[in-house]
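# Provide a 3D model corresponding to the input given below.
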Amino acid sequence: MGCLDCFGGGSAKQERLEEERRASQEARAKAAEAAEKRQDQFAQSAAGRAARAQMQAAAKQASNTNKGEPTLKWQMG
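The predicted model follows:
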């Protein structure tokens, strides 16, 4: 194959690599679009709304922590 690269074999390889790169780029774009669509559908579903509410409740609880007080208080005596 080394000799044939001189007569245009190399350009065919470059074209094939470019075609593979374009196909890969298209596949990534379609996958990203599908993932975004699934995420939107999930956000609109009851499970998505429940998950969002649970995350907001967890964030609210995390912000209302014990404000520096020790969780366990020991008493001597």
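# In this structure, mark out all the helices, start to finish.
Ranges of helices within the chain are 9-44, 46-63, based on DSSP state H.
# Run the chain-centre distance for the first one.
In other words, helix 9-44. Per CA atoms, centre = their mean, to the nearest Å, the displacement of helix 9-44 from the mean C-alpha position of its chain is 15 Å.
# Tell me what angle that helix forms with helix 46-63.
Comparing the axes of helix 9-44 and helix 46-63 via axes from the mean of the first three to the mean of the last three CA atoms, to 10 degrees yields an angle of 80 degrees.
# Any figure for the gap between Q25 and A31?
Taking CB to CB, to the nearest Å as the measure, Q25 falls 11 Å from A31. For every residue, glycine as well, the C-beta is placed using N, CA and C.
# Worst mean pLDDT among the helices of the chain?
Sorting these by mean pLDDT places helix 46-63 lowest, at a mean of 89.
# which strands and helices sit next to that one?
Other elements packing on helix 46-63 under the criterion 3 or more CB pairs under 8 Å, 6 or more residues apart in numbering; DSSP states H and E are helix 9-44.
# and the helix it packs on, what does it pack onto?
helix 46-63.
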